[in-house]
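> what would the 3D arrangement of this be:
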Amino acid sequence: MKTKLLIFSIIFCGTAIAQNLVPNNGFETNTGYPSAGNQLNLCVGWSNVNGVYYPSFNTGSPDYYHTNGTGGVQLPNAGYAYLNANTGNACAGFVTWNDNATDYREYISIKLNDPGLVIGKTYDVSFYLTNGTSCTYIYQTNNIGTRFSKNPLSQSGWQFINVVPQLEITSVLNIPSWQLFSFQFTADSAYHYITIGNFRTDANTTHIQFTSGSNPYGNYFIDDISVSDVTAVPDYHSQSDITISPNPFSDEAAISFNENKTFELKIFNMNGKMLRAVPIKNNDKLVRGELSSGTYLFELIDKNKIVSSGQFIIR
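Residues are numbered from 1 along each chain as shown. Predicted structure coming up:
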């Protein structure tokens, strides 16, 4: 098993488009809007790994947030903090520390799209995290981990799940705005599920008070989770360094690259669906047009070959 952690807000890379194996990765598809905590079951595909949901709060109870929610789970004035979703209208949140209950943990989990992870293949794994602002909870912690498993994990009550995460953020996170965390992971087994949360005990978790709020918790919001196969990428060499500025942008951005010629620009959503293919020259404008707020992938094509690729964000 090999892992590598990269932290950044904007990424440009020399990889082609690969399918995101995480369904409903931005928490947008639901069977109803949340009106209280512990309603992650409204978000299609997602689980809290203990199977007990609202109105019970006697187990680990991660929350589902939506702009069309009500009460403490409506964005942007969520009960624990002020924030918008990273993209779209929804996100999730989970507790990593609780002064009132030893080893209290909350997890979010989902079954990956088929075929899941294949032994020996390398995957890009990423997600966005934030604490939000105007927080009413008082702690920030480390040990936000990602566990891939063959079968669904199971939580007893609110106790921590005693497994070792393959990927883990070991630093205490102070992130008032959305930040992208990205790993590379080589599968050592045929995994079909992904679960995210704190897999360490209180004794092995660092918690730091950062505000004088009223809730003795550590809490993080999460959005836009991605797992994609990088070993399926065609072999090519980047020939054109491309810059999109500003990035993120709202209406339009300037595109520049180091060759005075016309390329084809292809734009994809995070599931790999192509949304646009247009000719483009150095210093042309990338216009938002019909694209909604979110993260998009692009490829720069020359004579049917990919010469550069990367991501951009529309606010």
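> contacts, neighbours, all on C-alpha from now
Fine.
> just the endpoints, please. Distance across stretch 118-127?
In terms of C-alpha to C-alpha, to the nearest Å, the two terminal residues of stretch 118-127 are separated by 21 Å.
> what comes into contact with that stretch?
Contact with stretch 118-127 is made by 180-191, 222-231, as judged by C-alpha atoms under 8 Å, 6 or more residues apart in numbering.
> next step: these restricted to strands.
Using DSSP state E, 180-186, 222-229 are the members of the contacts of stretch 118-127 that sit in strands.
> among those residues, who's most crowded?
The most neighbours of any of those, using other C-alpha atoms under 10 Å, belong to V227, which has 27 neighbours.
> beta partners of it?
On the basis of DSSP bridges, V227 is bridged to V125.
> in contact with it, which residues?
By C-alpha under 8 Å, 6+ apart, the residues touching V227 are 20-22, 123-126.
> could those go into TSV alongside pLDDT, neighbour count and distance to P279?
Shown next, in TSV, are the contacts of V227 (pLDDT from 0 to 100; neighbours: other C-alpha atoms under 10 Å; distance: C-alpha to C-alpha, whole Å):
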residue	pLDDT	neighbour count	distance to P279
N20	87	22	26
L21	94	24	30
V22	95	24	31
Y123	91	24	31
D124	86	20	29
V125	92	24	31
S126	90	20	30
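> closest to A90 among those residues?
Of all these, A90 sits closest to V22, with 15.6 Å by C-alpha to C-alpha.
> in which helix or strand would I find that closest one?
Under DSSP states H and E, no helix or strand contains V22.
> need the distance between the two termini of stretch 106-114.
Stretch 106-114 end-to-end distance (C-alpha to C-alpha) = 26 Å.
> then stretch 139-146?
In terms of C-alpha to C-alpha, the two terminal residues of stretch 139-146 are separated by 20 Å.
> pLDDT (mean, whole number) over it?
Per-residue pLDDT over stretch 139-146 has a mean of 98.
> please begin residue numbering at 792 from this point
Done: numbering now begins at 792, and the last item shifts to stretch 930-937.
> how far off centre is it?
Taking C-alpha atoms, centre = their mean, to the nearest Å, one finds stretch 930-937 lying 15 Å from the centre of the chain it belongs to.
> below-threshold pLDDT in the protein: ranges please.
Applying pLDDT under 70 to the chain flags residues 792-809, 1022-1032, 1062, 1095.
> mind redoing it with 50?
Along the chain, segments meeting pLDDT under 50 span 792-807, 1024-1031.
> center of this protein, which residue is that?
Taking C-alpha atoms, centre = their mean, the centroid of the chain lies closest to F918, which sits 2.3 Å from it.
> from I987, how far out is it?
F918 is 10 Å from I987, where distance means C-alpha to C-alpha.
> what's the end-to-end length of stretch 1043-1052?
End-to-end distance for stretch 1043-1052: 21 Å, by C-alpha to C-alpha.
> show me which residues of that stretch are buried.
1043-1048 (16 or more other C-alpha atoms under 10 Å).
> which element is A1068 on?
Take DSSP H and E as the rule and A1068 turns out to sit in strand 1065-1071.
> please name every helix or strand in contact with that strand.
Contacts defined by 3 or more C-alpha pairs under 8 Å, 6 or more residues apart in numbering; DSSP states H and E place strand 1065-1071 against strand 1054-1059.
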